[in-house]
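Engineer: following is a predicted model, sequence given first.
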Amino acid sequence: MSHIVSRRGAPAESMSPHTAGSHVARKIAAEDLRVTEIFLSLQGETRTTGLPTVFVRLTGCPLRCRYCDTEYAFTGGERMGLDDILERVRRHRVRHVTVTGGEPLAQRHCLVLLERLCHTGFDVSLETSGALDISAVDPRVTRVMDLKTPASGESSRNRFENIAHLLPHDQVKFVVCDREDYLWVRQVIARRDLTAICEVLVSPAHGRIDPTQLAEWVLEDRLPVRFQMQLHKILWGDEPGR
């Protein structure tokens, strides 16, 4: 779509109707989001595991976790207006919507998208790395905040200030790669009293650790967390859009 740009410095009231219209178009375009994919699947993680869910995967991420399984979302994508995104979501005719990435909060208009999805009546969750500020996220959204373990290579990016903004319906998630990660998780949960704030999820990093071993550690320590595996990977492997 082409845009007509007004002369630099021209006062708004001197614009012709055609030029003023293009100015509005540029403003609307500035609120677009870059989207990698929108698809229907079963929720593979969190407390709504197994429920039909529409995923809106936004493009871009400032982190580079060693076990990342969505590197294809780092770049590219399609610029979409908020109305177009909502229309695509509505077409799937399900209640649950998850906004994910990449790191969705890396695009500032993600906050507007989340708000509009809530206004429309969807049950909305956000999957975020926890490296960016979550305080401005609509409180109706379930924030699934992934605190990065040492083996991810990005634990220094954890924004622990976010913990103060968590609500009881939010969730904190840890992806565990090895025994050292598990011990770190156990320590963080105790020091931050996380299970008193919201539900805590612990997942084995796909292909990096024996899930049974992690389950045994959780049981041995009576760790008050929800052990989970990625249902979508069990069903469809690493196929994008599933």
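Structural biologist: Sure thing, it's come through.

Engineer: and the residue nearest in space to the middle of the chain, bridged to which residues?
Structural biologist: For the chain, the residue sitting closest to the mean C-alpha position, by CA atoms, centre = their mean, is residue 127 at 2.5 Å. Residue 127 has these beta-bridge partners by DSSP bridges: residue 144.

Engineer: how close does it sit to residue 84?
Structural biologist: According to CB to CB, to the nearest Å, residue 127 stands 21 Å off from residue 84. (Each C-beta comes from the backbone N, C-alpha and C, glycine too.)

Engineer: please apply the same query to residue 102.
Structural biologist: 19 Å.

Engineer: who's more crowded, those two?
Structural biologist: Neighbours were counted for residue 102 and for residue 84 using other CB atoms under 10 Å; residue 102 has more, 26 against 15.

Engineer: the more buried one against residue 59, yeah?
Structural biologist: Yes: between residue 102 and residue 59 there is a contact under CB atoms under 8 Å: 5.8 Å.

Engineer: overlap in contacts, those two.
Structural biologist: Taking CB atoms under 8 Å, 6 or more residues apart in numbering as the criterion, residue 102 and residue 59 both touch 36, 73, 74.

Engineer: out of the residues you listed, flag the one nearest to residue 167.
Structural biologist: Using CB to CB, residue 73 comes nearest to residue 167 of those, at 26.8 Å.

Engineer: quick one, phi psi at that closest one?
Structural biologist: phi -90, psi 0 (degrees, to the nearest 10).

Engineer: where does this structure have its least confident helix or strand?
Structural biologist: Here the helix or strand of the chain ranked lowest by mean pLDDT, DSSP states H and E is helix 17-30, holding a mean of 46.

Engineer: next structured bit after it?
Structural biologist: Downstream of helix 17-30, the next assigned helix or strand under DSSP states H and E is strand 33-42.

Engineer: packing partners of that following strand?
Structural biologist: Helices and strands touching strand 33-42, as assessed by 3 or more CB pairs under 8 Å, 6 or more residues apart in numbering; DSSP states H and E, comprise strand 52-58, strand 78-80, helix 82-91, helix 231-236.
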